[in-house]
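J.: Here is the input, now give the coordinates:
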Amino acid sequence: MAAEYRTSFKAYAAWNYQGEIDDLNRASEQGWQLVKGGCFHSRFVKNPGVRYRYQLDYGKIGDMPRYLETFREQGWEYVNSTWNGWHYLRKLYDPSLPEEEYEIFTDRESLREMNGRWVRLALALGIILLAFAVFYLIQLIRTPQLSALVRVLIFGIESAVLLRGAAVMRNPDSGRRRAKTNLAVFITVILIGLVAGCVLQLARPGFQTNQQASEIDEPIVDNRWADFQVYYLDLYYLDLEMESRDPMTFAVVNDAGETVYSVTDTDFSEEDIALRLSRGHYRFSMSCESGYRVDCSIR
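T.: All right, here's what the predicted structure looks like:
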């Protein structure tokens, strides 16, 4: 009879590894024994004839054979290790033995040491993500736009969750069970946020154009060019340089012919002119009576 297998797609936050241990123990009690543990999915085989208690360890192991031998001497069986440094161990369950028999960390100091290995990684990643959040916050303050706001929120949330997790694992008595995080939902939200930020950024107009003539035969009145599309309501930024012998007018107009921005001058140069634009088509417009030069970009 062929063996029966199943795959569980569950993700656990590192600081809630006890939750994964509890789920593995429950699965074993129900006859499903771990074949291979993973970060986002685990493989089980149906074998109701045995029952195990599981434990997890974390960290880079320098001498793996010696590491495994140490646990074998204590009755622990090695299952597998994940790419990011988690090691799955199990021991046959005997209900007559005390629960302490199924702990791999028999004192608080050893538990702190194991937690500390993950805490150092989490702190480093949390600080890096916090730096990204601060970078986009500065960008948001200088040139407010929706894509920057999304990135601030995403990187800020990621950093806060990691730093909170590090604080929880730093102290074994802080109540890891109360600090549960649905990692699958967390990762999904992060991915959606990052994709949304990229899509919002890519959907911005982002182009540069120019018009110039040393002489003109007759005055130019409301000459419209450089059609561009705005896909969502936000602040957009105009960089504009223009010069002419006589005063000229530059404007941004919408499909209805309404002017959303205009300036009249003979010599004008300014960057990051904030324009609040709604969804729709827009054009640049120019009116002048003599030779001119206009360089402009919208982003």
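J.: from here on, contacts and neighbour counts on C-alpha atoms
T.: OK.
J.: can you pull out the helices in the stretch 151-299 of the chain?
T.: All helices of the stretch 151-299 of the chain, identified by DSSP state H, counting those that start in this stretch, fall at 183-202.
J.: show me where pLDDT drops low in it?
T.: Residue ranges of the stretch 151-299 of the chain with pLDDT under 70: 171-184.
J.: can you give me the strands in it?
T.: In the stretch 151-299 of the chain, the segments counted as strands under DSSP state E, counting those that start in this stretch are 207-213, 220-230, 234-254, 259-277, 280-288, 292-298.
J.: Between the ones you listed, which one is closest to V195.
T.: Smallest distance to V195 across the strands of the stretch 151-299 of the chain (CA to CA): 17.8 Å, for strand 234-254.
J.: Check which residues of that closest one are buried.
T.: Residues 234-244, 247-254 are the ones in strand 234-254 that count as buried (16 or more other CA atoms under 10 Å).
J.: so what's the closest residue to L146 other than its chain neighbours up against?
T.: Using CA to CA, 6 or more residues apart in numbering and skipping residues adjacent in sequence, the residue nearest L146 is D234, 6.5 Å away. The neighbours of D234, taking CA atoms under 8 Å, 6 or more residues apart in numbering as the test, are 145-146, 276-278.
J.: Domains in the chain, by residue range?
T.: Per the record, the chain has its domains at 5-104, 109-202, 207-298, by automatic domain parsing.
J.: Next one: the residue located most distally from the centre of the chain from D295, what distance?
T.: Centroid-distance maximum for the chain: D217 at 56.6 Å, with CA atoms, centre = their mean. From D217 over to D295 the distance is 21 Å, taken as CA to CA, to the nearest Å.
J.: go on, T143?
T.: 21 Å.
J.: and what of W15?
T.: Distance from W15 to D295, by CA to CA: 55 Å.
J.: next one: E69
T.: Distance from E69 to D295, by CA to CA: 73 Å.
J.: Could you identify the longest helix within the protein?
T.: The longest helix of the chain (DSSP state H) is helix 108-142.
J.: For stretch 101-115, the averaged confidence score.
T.: Across stretch 101-115, pLDDT averages out at 71.
J.: Span of it from start to end?
T.: Distance across stretch 101-115, first residue to last, is 20 Å (CA to CA).
J.: what do you get for stretch 29-46?
T.: End-to-end distance of stretch 29-46 (CA to CA): 11 Å.
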